[in-house]
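K.L.:
Here is the input, now give the coordinates:
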Amino acid sequence: MSTHDLVPLERARAGLDACVHCGFCLPACPTYLALEDENDSPRGRLLLMGALLDGSVRPDDPAVGTHLDQCLGCRGCETACPSGVPYGRLLEATRESLLPHRPLPFVARVVLGVFANEWALRPALALARLARASGIAALAARLLPARLAMPFAMLASTARPERQGYEPQGDGSRGTASLLTGCVMEGLFTEVNRATERTLTVNGWTMRTTDGQRCCGALHAHAGDADTARALARENIAAFERSGADVVVLNSAGCGAMCREYGHLLADDRAWAVRASAFSDRVRDVHQLLASAGPVMLPVPAHARDVAAGAIRVAYDAPCHLQHAQRIVEPPLAVLHAANGVSLVPLADSDQCCGSAGIFNLVLPEVAERVLAPKLVRIAESGADVVATGNPGCLMQIGGGLRLSGSEVQVRHPVELLDESYARAQRPG
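P.N.:
Predicted coordinates for the structure are as follows:
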């Protein structure tokens, strides 16, 4: 077989050659720790990629596919690597190269098809909200065997209590921002999106609405369906160009990492390369924008101090695509420190993946469960009342696991906690 049959991987070969096989990536890899197989480590998978290029293994070899499929794509190996191997890009290039030889699993094809088409996505999310609101999701999570119950537990964990909002006050001095509302974020975490808009307004940003935005394409790129990812990227770039906002803000770590990659994704497209690069340069995570403003810490009035005094213990769990892909570490902690009524407690191994990884937990639930298990132990050991994390997949994976384990620990987005603090500060006496 010629390497011409593996064009995306061949183009990324320079990154592959940077690996010196030192093994620093091994303790940073959740699947290596869970499965204890060198083939399920970054170093092992890079060797498999090289073997594909030199023709010593075939792209339809089931063993190769298994070990590459079992990679979460968390990119924890990238922050551990002293040689700067761009593992995430190599993984996506490999999966794109293998896609003609190995069709995606049925579940993956269905999920990716739904997210690529608005006519399917909107009804699917509406049904999910109905199952959550009616109690069907919570009931199924209690009655079904654990493996079947997990998706329903994840859905049930997205429920948020209804609460009275507030009118955010800000001077707009920092410029204009427009939120990529996202698929799951707007569909299941609607209140987190509204909290994002309110807290940014309080911190000096003027929010603009962007019509015509689509799924960011992260799920498709991770699965190797780069063509669909590129098509979605083009629509988003055009939509946010029309909005005219200074920055594109995201509250989902996975979506943010993907949008920062649009310049790379469309680098070979003459009509879109410059526009994609300009778009990526405007992308900011919500925690970055809030941290750049301090963030504002509003004083709690006397009548609300009894609520703030009973501080909740919050443990922060870093989403992989925030810490490892975007290298954003301190800003979420700054957001939590600014929230009155929050007491931060340490969480051991907070930089390790929870096992969500987009749709990984739906396609390979057994592996995802093994990766999640130590995370649940660490959360219990922390004594936290709440786990804060900034990615919908992590919110659902950890939330579902906690629910099935019988834990009463809640999982929240850091912005929610800051928003609730602002609401208390502005609550009339």
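K.L.:
Might you report the residue contacts of the residue minimising distance to the centre of the chain?
P.N.:
Geometric centre of the chain, nearest residue: Gly254, 3.1 Å, by Cα atoms, centre = their mean. By Cβ atoms under 8 Å, 6 or more residues apart in numbering, the contact list for Gly254 reads Cys216, Ala218, Pro319, His321, Gly358, Asn391, Pro392, Gly393. All C-beta spots, glycine's among them, are computed from the backbone N, C-alpha and C.
K.L.:
tell me the contacts of the fourth one?
P.N.:
Residues in contact with His321, defined by Cβ under 8 Å, 6+ apart, are Cys74, Arg75, Ala253, Gly254, Gly256, Ala257, Asn391.
K.L.:
how does it look with 7 Å?
P.N.:
His321 sits next to Ala253, Gly254, Ala257, Asn391 when contact means Cβ atoms under 7 Å, 6 or more residues apart in numbering.
K.L.:
Let me have those residues in a markdown table, adding distance to Ile379 as columns.
P.N.:
Putting those into a markdown table (distance: Cβ to Cβ, whole Å) gives the following:
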| residue | distance to Ile379 |
| --- | --- |
| Ala253 | 18 |
| Gly254 | 21 |
| Ala257 | 24 |
| Asn391 | 16 |
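K.L.:
Narrow the residues you listed to those in helices?
P.N.:
Counting by DSSP state H, the part of these found in helices is Ala253, Gly254, Ala257.
K.L.:
how does this protein divide up, domain by domain?
P.N.:
By the assignment in automatic domain parsing, the chain contains the domains 3-98, 296-425.
K.L.:
out of these, deepest packed?
P.N.:
Compared across the domains of the chain, domain 296-425 shows the largest average neighbour count, a mean of 20 (mean count of other Cβ atoms under 10 Å).
K.L.:
So what's the gap between it and the chain middle?
P.N.:
In terms of Cα atoms, centre = their mean, to the nearest Å, the centre of domain 296-425 is found 13 Å from the chain centre.
K.L.:
Stretch 67-78 now?
P.N.:
How far stretch 67-78 lies from its chain's middle: 14 Å, per Cα atoms, centre = their mean.
K.L.:
roughly how far apart are the residue nearest to the centre of the chain and Asp385?
P.N.:
Counting by Cβ to Cβ, to the nearest Å, the gap from Gly254 to Asp385 is 26 Å.
K.L.:
Tell me the spacing between the nearest residue to Arg109 once chain neighbours are set aside and Ile136.
P.N.:
Leaving aside its chain neighbours, Arg109 sits nearest to Pro103 (7.5 Å; criterion: Cβ to Cβ, 6 or more residues apart in numbering). Distance, Pro103 to Ile136, using Cβ to Cβ: 32 Å.
K.L.:
so which strand or helix has the closest residue to Ser41 other than its chain neighbours?
P.N.:
Take Ser41 and drop its neighbours on the chain: the residue closest to it by Cβ to Cβ, 6+ apart is Tyr32, 3.9 Å away. Assessed by DSSP states H and E, Tyr32 sits inside helix 30-35.
K.L.:
ok, then the element right after that helix?
P.N.:
helix 42-54.
K.L.:
average pLDDT for that following helix?
P.N.:
Average pLDDT, helix 42-54: 95.
K.L.:
Same question for stretch 62-74.
P.N.:
According to the model, stretch 62-74 has a mean pLDDT of 93.
K.L.:
Alpha carbons only: can I get that stretch in CSV?
P.N.:
What follows is stretch 62-74, C-alpha atoms only, in CSV (Å, rounded to 0.1, in the frame of the first residue of the first chain):
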residue,chain,number,x,y,z
PRO,A,62,-8.5,-4.7,13.3
ALA,A,63,-5.8,-4.4,16.0
VAL,A,64,-4.6,-1.0,14.7
GLY,A,65,-8.2,0.3,14.6
THR,A,66,-8.9,-0.9,18.1
HIS,A,67,-6.0,0.8,19.7
LEU,A,68,-6.6,4.1,17.8
ASP,A,69,-10.3,4.0,18.5
GLN,A,70,-9.6,3.6,22.2
CYS,A,71,-7.7,6.9,22.4
LEU,A,72,-9.8,9.5,24.1
GLY,A,73,-8.0,12.4,22.3
CYS,A,74,-7.6,14.1,25.7
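K.L.:
Now find how far off-centre it is within its chain.
P.N.:
Computed by Cα atoms, centre = their mean, the chain-centroid distance of stretch 62-74 equals 19 Å.
K.L.:
repeat for stretch 84-99
P.N.:
For stretch 84-99, the distance to the chain centre is 18 Å (Cα atoms, centre = their mean).
K.L.:
from what I can see Ala221 touches Arg89, true?
P.N.:
No: Ala221 is beyond contact range of Arg89, at 9.9 Å (criterion: Cβ atoms under 7 Å).
K.L.:
Which one of Pro103 and Ile136 is surrounded by more residues?
P.N.:
It is Ile136, of Pro103 and Ile136, that has more neighbours when counted by other Cβ atoms under 10 Å, with 14 against 10.
K.L.:
For Arg45, state which of the contacts of His321 is nearest.
P.N.:
Comparing the contacts of His321 against Arg45 with Cβ to Cβ places Ala257 closest, at 19.3 Å.
K.L.:
got a list of what that closest one touches?
P.N.:
His321, Ala325, Gln326.
K.L.:
The last one reaches Cys259, doesn't it?
P.N.:
In this case it means Gln326. No: using Cβ under 7 Å as the test, Gln326 is too far from Cys259 to be in contact (10.0 Å).
K.L.:
Tell me the spacing between the nearest residue to Leu298 once chain neighbours are set aside and Ala51.
P.N.:
Leaving aside its chain neighbours, Leu298 sits nearest to Ala425 (3.6 Å; criterion: Cβ to Cβ, 6+ apart). Distance of Ala425 to Ala51, given as Cβ to Cβ: 59 Å.
K.L.:
now Glu10
P.N.:
From Glu10 across to Ala51, the span is 14 Å (Cβ to Cβ).
K.L.:
same check, this time on Arg230
P.N.:
Distance from Arg230 to Ala51, by Cβ to Cβ: 28 Å.
K.L.:
just checking, next helix/strand downstream of the helix or strand of the chain with the lowest mean pLDDT?
P.N.:
Scoring the helices and strands of the chain by mean pLDDT, DSSP states H and E places helix 305-309 at the bottom, with a mean of 51. Once the chain leaves helix 305-309, the next helix or strand it forms, by DSSP H and E, is strand 312-316.
K.L.:
So what are the sheet partners of that next one and their directions?
P.N.:
Partner strands for strand 312-316, per DSSP bridges, with pairing direction: strand 342-345 (parallel), strand 386-388 (parallel).
K.L.:
can you redo the ones in helices among the contacts of His321 as CSV with pLDDT and distance to Ala338?
P.N.:
Listed next are those as CSV, based on pLDDT from 0 to 100; distance: Cβ to Cβ, whole Å:
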residue, pLDDT, distance to Ala338
Ala253, 97, 19
Gly254, 97, 24
Ala257, 98, 24
